[in-house]
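Q: Generate a structure from the sequence data that follows.
(chains A, B, C and D)
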4 protein chains.
Amino acid sequence: MNTKLTIAGKSFRSRLLIGTGKFSSSQVMQETVLASESQLVTVALKRVDLKNEQHSILQGLDHDQISLLPNTSGVRNAEEAVFAAQLAREALGTNWVKVEIHPDAKYLLPDPIETLKACEKLVKLGFVVMPYIHADPVLCKRLEDVGAQCVMPLGAPIGTNKGLKTLDFLEIIIQQSTVPVIVDAGIGSPSHACQAMEIGADAVLVNTAIAISKNPIQMAKAFKIAVEAGTMAYNAKLAKTTNTPQASSPLTHFLYE
Amino acid sequence: MNTKLTIAGKSFRSRLLIGTGKFSSSQVMQETVLASESQLVTVALKRVDLKNEQHSILQGLDHDQISLLPNTSGVRNAEEAVFAAQLAREALGTNWVKVEIHPDAKYLLPDPIETLKACEKLVKLGFVVMPYIHADPVLCKRLEDVGAQCVMPLGAPIGTNKGLKTLDFLEIIIQQSTVPVIVDAGIGSPSHACQAMEIGADAVLVNTAIAISKNPIQMAKAFKIAVEAGTMAYNAKLAKTTNTPQASSPLTHFLYE
Amino acid sequence: MNTKLTIAGKSFRSRLLIGTGKFSSSQVMQETVLASESQLVTVALKRVDLKNEQHSILQGLDHDQISLLPNTSGVRNAEEAVFAAQLAREALGTNWVKVEIHPDAKYLLPDPIETLKACEKLVKLGFVVMPYIHADPVLCKRLEDVGAQCVMPLGAPIGTNKGLKTLDFLEIIIQQSTVPVIVDAGIGSPSHACQAMEIGADAVLVNTAIAISKNPIQMAKAFKIAVEAGTMAYNAKLAKTTNTPQASSPLTHFLYE
Amino acid sequence: MNTKLTIAGKSFRSRLLIGTGKFSSSQVMQETVLASESQLVTVALKRVDLKNEQHSILQGLDHDQISLLPNTSGVRNAEEAVFAAQLAREALGTNWVKVEIHPDAKYLLPDPIETLKACEKLVKLGFVVMPYIHADPVLCKRLEDVGAQCVMPLGAPIGTNKGLKTLDFLEIIIQQSTVPVIVDAGIGSPSHACQAMEIGADAVLVNTAIAISKNPIQMAKAFKIAVEAGTMAYNAKLAKTTNTPQASSPLTHFLYE
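A: Coordinates of the predicted model:
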């Protein structure tokens, strides 16, 4: 794994993307983002006051090391996603967009059909698209085929903190993908983020687990270094799991000598 | 959790213990130990040349930040363990000992009965005993009762790299214990070490996963920071796992306004 | 759960579907199918000699309690699936079809986009469609919307015998679905089949685990009763999992009376 | 696996042991026991009125196919266990006893040291001892050595319904044991019981999961057949789990011919 994450030709030192929802205050959110050293920060369009040039939420994130990544959270189909992406481009001056389409109001799971359709259209409109999707290896390849610049498969339903429930499928996606794989949704603790990196993910996106922690700033730092630990472990190659145990210490015969 | 790990009144900045077996060379082992910043390093008595004051294996570890922790690996009962501990005290000048008793030559699992017996005896002989045991909450309490200075329950059979297979029992042990709980055996990746700390373990011991990695030095560093990440996450309090997902991003209504 | 499984108005006493691939001989396959008491048996079109009215493979299955369910295994897109379904209708005289579309030659995972497209078309052509898909809750709802008569989400990649790796998503699918949910692929043992029924699946499809067993006939019987056990348990309502243990036996005070 | 379970020279057709605690009434308990076709039924000594020859709880179980198995639940050490076993022998006229020693009032986990001590003593006193213990492979061998007629390792803490959390250790115990292995505690559903049999356990003991079900009689029947399914599957040999998926259906080339 390279030292940097590269998406659409742009490089990032940090492999931790963070979201800005659910924080107790804007102030805490901004301090947490800075503490995480994340360079790619998602913002729900909803929170951006489109008529106000001085979006308070964004001012705190106006930092030369941070790129904002608007998401289309709340849209229910491809058409709405395309419209939302265009609004975001105008309001925030970025052609990057995280495509999230969830017709399902209860579990907020992504729609594979509409997501593919939206990405195809948005790529043609010049967007850098980053689709949030189920951990479906075939869908990931199809998104690559229409020009998605990365894929963002989920680890578990959003907000559940359950970790890499889709592990078997993430491994296939990582093996097959030619674009970065960013595990999104379900990551509830630094060990989950670390594990995602260990199996070869290119990055992770975390929001709930940091935002609702008792100490978001410290939790953000914990995630930051857990991602680094996982990346280092991937590069150093993990030992295989085995059913045939071996002692670290040789059986000593000194007692019987 | 305090910033330091304290066992028998002695404090350690590092919560990562590492073992010295299975490395490709003494040189690699020594560099790895230093890179890990571990301060408590286990040594199998077998590897110590008891007739040679200049134990080559140990010279490289003669560092004011590192305490050697001889283990009794290879003994099959309490009597042999007590004898091995006495040999170690004489050879290495330390009254600390990791008690490992495994009559079982195949899986190298610890014997609960002989371990309790050995610990009781060794405490009376003035040793600081650190018993390696099954993740058995009742046994842990009994070891505490006879004066063990910590307990070292296993995560999975030694050398399997399977991680925290005993999770449900480790959680009970951590909840009940009044001495430090150090998860030993089975930890195969930094994410496992991170998880152990997240659930409240006081430290972890790692050997195989580092020693047989393609790049032990880098892997040791990965474990070091994973342990720190887990400790920070524990202190910042993890969010709960839930079956009722919640979006990080509020459903946006901007499209319909 | 009703005593019968009903798909497209047709009722089946058995909730175990079985596949006919991978058996050591046609003879063993036929005896196994009869032993399983399955009433819905999948057949790959490949194995049907389309020019020979006396398909040997099928003669053994010509039983008034058994309905053949041709699958489209081997097709790579919707167009091929529709063509295969039409061939099957002509050759076997049934308008039921299990839609399997896997462009991915290595893991044989289903294509969500092409599967939806094929199902929509086939429903219009008068077929009863039973789509094999990823355990994607949103896709399942969309398939229902276009008229699929059931959904067949996978438990794990086909042929891996790994069981219900998609458990968290299967539970959501079962909760939301208004058509029968049949867990397909990955079921490697009777306990997996039992578990699928316990969480409320309407049926399971098993092939590899039976066909490559040392004793397929006995294994088929084991699956048959495991499915019944799971169905009964679902109807009798399982006790909840808890972290607060309770003894079955009250603490006895007789000793101290 | 033989068709019968044999303990201490006595054979049982059923491999399902059931407990009599937690039922809503004696009547329901008795009907459930009969429905389960269990032949070895545990009774807490507490429930036996030692001064009354006509123990109402036991009358309903006075059946030539059922053997009562008194347990020592509630005792806290070996001495109390031996006393309880003697009381039970006198009251119930059986020298069989399930040894349960749990000093731990919260999680009711068994004490390995006291259990070994009690078993050794009880064997000398002519009892058939069946010890309930942690899934500790070394302890199991030691219990065998002192004459235990079977071992009863736990799957998960009692009453949690969590299933085979100790799977990795149960597999080692089964591999090494020369006496029957009966998985006790934690079994929360028929699929768990089925899985225990699939990996080669000789029997399972279930109580909570049946007793607190909405329909205990139907649940007991479900467990009965799940145990049979698992036994059949073990005998027919399960297919191996694999990471290299294989389709059940060959890729069809008919489309391209």
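
Q: three-state assignment of the residue most central in space within chain A?
A: Among the residues of chain A, A:L205 comes closest to the average C-alpha position under CA atoms, centre = their mean, at 2.5 Å. The assignment at A:L205 comes out as strand when based on DSSP: H, G, I helix; E, B strand; the rest coil.

Q: Wait, it touches A:R15, no?
A: No: taking contact to mean CB atoms under 8 Å, the distance of 10.2 Å between A:L205 and A:R15 leaves them out of contact. All C-beta spots, glycine's among them, are computed from the backbone N, C-alpha and C.

Q: next one: phi and psi at A:I133?
A: Note on A:I133: its backbone torsions stand at phi -150, psi 170 [degrees, to the nearest 10].

Q: where does it sit relative to A:E114, distance-wise?
A: In this structure, A:I133 and A:E114 are 11 Å apart, going by CB to CB, to the nearest Å.

Q: With neighbour numbers in mind, choose between these two.
A: Neighbours per residue, other CB atoms under 10 Å in any protein chain shown: of A:I133 and A:E114, the larger number sits with A:I133, 30 against 22.

Q: So what pairs up with that one in the strands?
A: A:P153 (DSSP bridges).

Q: For chain A, just list every one of the strands.
A: For chain A, the strands defined by DSSP state E occupy A:5-7, A:10-12, A:16-19, A:40-44, A:67-71, A:96-99, A:128-133, A:152-153, A:182-184, A:203-206.

Q: returning to what we had before: what residues are up against the residue nearest to the centre of chain A?
A: Taking CB atoms under 8 Å, 6 or more residues apart in numbering or on different chains as the contact definition, A:L205 lies against A:16-19, A:42, A:152, A:182-185, A:187.

Q: and what of A:I66?
A: Taking CB under 8 Å, 6+ apart as the test, what A:I66 contacts is A:33, A:38-41.

Q: could you dump the residues you listed to a markdown table with distance to C:M197, neighbour count and pLDDT?
A: What follows is the contacts of A:I66, written out as a markdown table (distance: CB to CB, whole Å; neighbours: other CB atoms under 10 Å in any protein chain shown; pLDDT from 0 to 100):
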| residue | distance to C:M197 | neighbour count | pLDDT |
| --- | --- | --- | --- |
| A:V33 | 47 | 24 | 94 |
| A:S38 | 44 | 28 | 95 |
| A:Q39 | 48 | 22 | 95 |
| A:L40 | 44 | 23 | 95 |
| A:V41 | 45 | 22 | 94 |
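
Q: follow-up on the earlier one: mind checking pLDDT for the residue nearest to the centre of chain A?
A: For A:L205, the pLDDT comes out at 97.

Q: and it, how far is that from A:G188?
A: With CB to CB as the criterion, A:L205 and A:G188 are 13 Å apart.

Q: Would you agree A:I182 is in contact with A:A148?
A: No: taking CB under 8 Å as the contact criterion, A:I182 and A:A148 are not neighbours in contact, 11.1 Å apart.

Q: which residues do those two both contact?
A: Taking CB under 8 Å, 6+ apart as the contact criterion, the residues that touch both A:I182 and A:A148 are A:M130.

Q: still on that earlier bit, filter the contacts of A:L205 to keep only those in contact with chain B.
A: Checked against chain B using CB under 8 Å from any CB of the partner chain, those give the following subset in range: A:19, A:42.

Q: Which one of the contacts of A:L205 is nearest to A:H63?
A: The shortest approach to A:H63 among the contacts of A:L205 belongs to A:I18, at 13.1 Å (CB to CB).

Q: Nearest residue to the closest one in space, please, no chain neighbours.
A: Counting by CB to CB, 6 or more residues apart in numbering or on different chains, the nearest residue to A:I18 once its immediate chain neighbours are dropped is A:S38, at 4.5 Å.

Q: wait, doesn't that neighbour sit right on A:L17?
A: Yes: A:S38 sits in contact with A:L17 when judged by CB under 8 Å, with a separation of 6.0 Å.

Q: and chain A, which residues reach chain C?
A: With CB under 8 Å from any CB as the criterion, chain A meets chain C at residues A:102-104, A:107, A:109-113, A:116, A:134, A:136-139, A:141-142, A:156-157, A:160, A:162, A:165-169, A:172.

Q: Quick check: A:N207 vs chain B, distance?
A: Noted for A:N207: a distance of 4 Å to chain B, by CB to the nearest CB, to the nearest Å.

Q: residues contacting that residue?
A: When the contact criterion is CB under 8 Å, 6+ apart, the partners of A:N207 are A:18-22, A:42, B:248.

Q: Would you mind measuring from it to A:M130?
A: Using CB to CB, A:N207 is found at 15 Å from A:M130.

Q: swap in A:E114?
A: Between A:E114 and A:M130 the computed distance is 16 Å (CB to CB).

Q: Over to A:A203?
A: Noted for A:A203: a distance of 10 Å to A:M130, by CB to CB.

Q: Now do the contacts for A:L167.
A: Counting by CB under 8 Å, 6+ apart, A:L167 touches A:199, C:165.

Q: doesn't A:V181 make contact with A:E144?
A: No: under the criterion of CB under 8 Å, A:E144 is not in contact with A:V181, lying 10.4 Å apart.

Q: any shared contact partners between those two?
A: With contacts taken as CB under 8 Å, 6+ apart, the residues that reach both A:E144 and A:V181 are A:V151.

Q: of those two, who's got more company?
A: Of the pair A:E144 and A:V181, A:V181 is the one with more neighbours under other CB under 10 Å, namely 24 against 17.

Q: quick one: contacts for that one?
A: By CB under 8 Å, 6+ apart, the contact list for A:V181 reads A:140, A:150-153, A:170, A:173-174, A:200-202.

Q: Quick one: distance of stretch A:218-227 to the chain centre.
A: Put simply, stretch A:218-227 sits 14 Å off its chain's centre (CA atoms, centre = their mean, to the nearest Å).

Q: average model confidence for it?
A: Stretch A:218-227 shows an average pLDDT of 97 in the prediction.

Q: Establish whether it and chain B are in contact.
A: Yes: applying CB under 8 Å from any CB, one finds that stretch A:218-227 is in contact with chain B at A:218-219, A:221-223, A:225-226.

Q: do the same with stretch A:100-120
A: Yes: contact between stretch A:100-120 and chain B, assessed by CB under 8 Å from any CB, occurs at A:100, A:105-108.

Q: can you put those residues in a markdown table and add pLDDT, distance to C:P70 and neighbour count?
A: A markdown table is the format used below for the residues of stretch A:100-120 next to chain B (pLDDT from 0 to 100; distance: CB to CB, whole Å; neighbours: other CB atoms under 10 Å in any protein chain shown):
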| residue | pLDDT | distance to C:P70 | neighbour count |
| --- | --- | --- | --- |
| A:E100 | 96 | 38 | 30 |
| A:A105 | 78 | 37 | 9 |
| A:K106 | 83 | 36 | 13 |
| A:Y107 | 86 | 34 | 21 |
| A:L108 | 88 | 37 | 24 |
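
Q: What is the nearest of the residues you listed to chain D?
A: Within the residues of stretch A:100-120 next to chain B, distances to chain D taken as CB to the nearest CB reach their minimum at A:Y107, with 24.1 Å.

Q: Just want the phi and psi numbers for the closest one.
A: Backbone dihedrals for A:Y107, given as degrees, to the nearest 10, come out at phi -100, psi -10.

Q: Excluding chain neighbours, what is closest to A:A220?
A: If you skip the residues right next to it in sequence, A:A220 has A:S36 as its closest partner in space, 3.8 Å away by CB to CB, 6+ apart.

Q: list the contacts for the one you found?
A: A:S36 sits in contact with A:14, A:16, A:18, A:210, A:220-221, A:223-224, where contact means CB under 8 Å, 6+ apart.

Q: now do A:R15
A: For A:R15, the residues meeting the contact criterion (CB under 8 Å, 6+ apart) are A:5, A:197, A:202-204, A:227-228, A:231.

Q: of all these, which two lie farthest apart?
A: Checking the contacts of A:R15 against each other with CB to CB, the farthest-apart pair comes out as A:D202 and A:E228, at 13.7 Å.
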